[in-house]
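**Q** build the 3D model from these lines:
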Amino acid sequence: MPTPHIEAPEGAYAKTVLMPGDPLRAKFIAETFLTDPVQVNGVRGMLGYTGAYKGVPVSVQGSGMGCPSMGIYSYELFHFYGVENIIRVGTTGSIQEGLCIGDLVIALGACGNSHFAGQYQLPGLFAPTASFPLVKTAEAIAAERGLRCAVGNVCSNDTFYDDISPVEAWRKMGVLAFEMESTALYCNAARAGKNAMTLLTVSDELLTHRETSSQERQTAFTAMMEVALETAARLA
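**A** Residues are numbered from 1 along each chain as shown. A predicted model of the protein is given here:
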């Protein structure tokens, strides 16, 4: 302690960490929902905080964009800071009809074009999946609150601007939405024997081309944040 990317001392993170990609979203969550939040990381502007939610210690740490960045921060939290559960909270572009802006998506599995799992030299293909207890808890909380929530595969892409659109091919396979980090998170959790889940809010409808602004994506999706925090509280 500290690591090359996190300056926090040992014990600075709670057992459960929420991880938005945007560090400013981490700041918003900490200042809006946590009691007595303390900033524990600021290296490279990747903000991290620890506080409490309903009396339960919870941390929030920005992950950055894409599998390489998520891979670094989730690895260090799992292996060097004793973190047991990481809940990624972020935005996603839906590719199925009826999955609309503001709806929640729980990523049961992460398809995509990332080669993150290649490092393990497995004798086949690895299917990165969420930890079922986290999925079950978050889905139940969303149902209790009357929120629209879909559970299924997402596509975790390394590319944001594609030369050839992959939407139709993945849509035919029942994939719900696109994002960029879950493959790395789920692989790291599996290898470390820890727990992980991705909880997303639809910010863009790729079939209808409806989208939200960057400001709305940073602060508006409070339902997702509250479901994630309540999930963290129930893990205690």
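**Q** quick one: low-confidence ranges for this structure?
**A** Counting by pLDDT under 70, the chain contains low-confidence residues at 1, 217-220.
**Q** and the residue nearest the centre of it, what is it in contact with?
**A** By CA atoms, centre = their mean, the chain has its centre lying nearest to Arg88, at 1.7 Å. Arg88 makes contact with 18-21, 63, 70, 181-182, 185, 196-200 under the criterion CB atoms under 8 Å, 6 or more residues apart in numbering. Backbone N, C-alpha and C define where each C-beta goes, glycine included.
**Q** reformat those residues as a markdown table; add distance to Gln215, neighbour count and secondary structure.
**A** Below are these laid out as a markdown table (distance: CB to CB, whole Å; neighbours: other CB atoms under 10 Å; DSSP: H, G, I helix; E, B strand; the rest coil):
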| residue | distance to Gln215 | neighbour count | secondary structure |
| --- | --- | --- | --- |
| Leu18 | 20 | 30 | strand |
| Met19 | 21 | 28 | strand |
| Pro20 | 15 | 29 | strand |
| Gly21 | 15 | 21 | coil |
| Ser63 | 20 | 29 | coil |
| Met70 | 23 | 29 | helix |
| Glu181 | 21 | 31 | coil |
| Ser182 | 24 | 31 | helix |
| Leu185 | 26 | 30 | helix |
| Ala196 | 28 | 30 | strand |
| Met197 | 26 | 28 | strand |
| Thr198 | 23 | 30 | strand |
| Leu199 | 21 | 28 | strand |
| Leu200 | 18 | 27 | strand |
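**Q** now the helices for this protein?
**A** Ranges of helices in the chain, per DSSP state H, are 23-33, 66-80, 132-144, 167-172, 182-192, 214-219, 222-235.
**Q** and the ones you listed, which is most packed in?
**A** helix 182-192 (a mean of 25; mean count of other CB atoms under 10 Å).
**Q** can you give the distance of that one from its chain's centre?
**A** Offset of helix 182-192 from its chain centre (CA atoms, centre = their mean, to the nearest Å): 11 Å.
**Q** next: stretch 143-161.
**A** 10 Å.
**Q** got the CA positions of that stretch in CSV?
**A** The C-alpha coordinates for stretch 143-161 follow below in CSV (Å, rounded to 0.1, in the frame of the first residue of the first chain):
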residue,chain,number,x,y,z
ALA,A,143,-38.9,-5.1,-8.0
GLU,A,144,-39.8,-3.8,-4.5
ARG,A,145,-39.4,-0.3,-5.8
GLY,A,146,-41.5,-0.9,-9.0
LEU,A,147,-38.6,-0.2,-11.3
ARG,A,148,-38.3,-1.6,-14.8
CYS,A,149,-35.3,-3.9,-14.7
ALA,A,150,-34.1,-6.4,-17.3
VAL,A,151,-31.6,-9.2,-16.5
GLY,A,152,-29.5,-10.8,-19.1
ASN,A,153,-26.4,-10.6,-21.3
VAL,A,154,-24.7,-7.4,-22.2
CYS,A,155,-22.0,-6.8,-24.8
SER,A,156,-18.8,-5.5,-23.2
ASN,A,157,-16.9,-3.9,-26.2
ASP,A,158,-13.4,-2.6,-26.4
THR,A,159,-14.5,-0.3,-29.2
PHE,A,160,-16.9,2.7,-28.9
TYR,A,161,-16.7,3.8,-32.5
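**Q** what comes up buried for it?
**A** Leu147, Cys149, Ala150, Val151, Asn153, Val154, Cys155, Ser156, Asn157 (16 or more other CB atoms under 10 Å).
**Q** number of residues surrounding the nearest residue to Ala127 once chain neighbours are set aside?
**A** Spatially, and ignoring its direct neighbours in sequence, Ala127 is nearest to Gly109 (6.2 Å; CB to CB, 6 or more residues apart in numbering). Close neighbours of Gly109, defined as other CB atoms under 10 Å, add up to 19.
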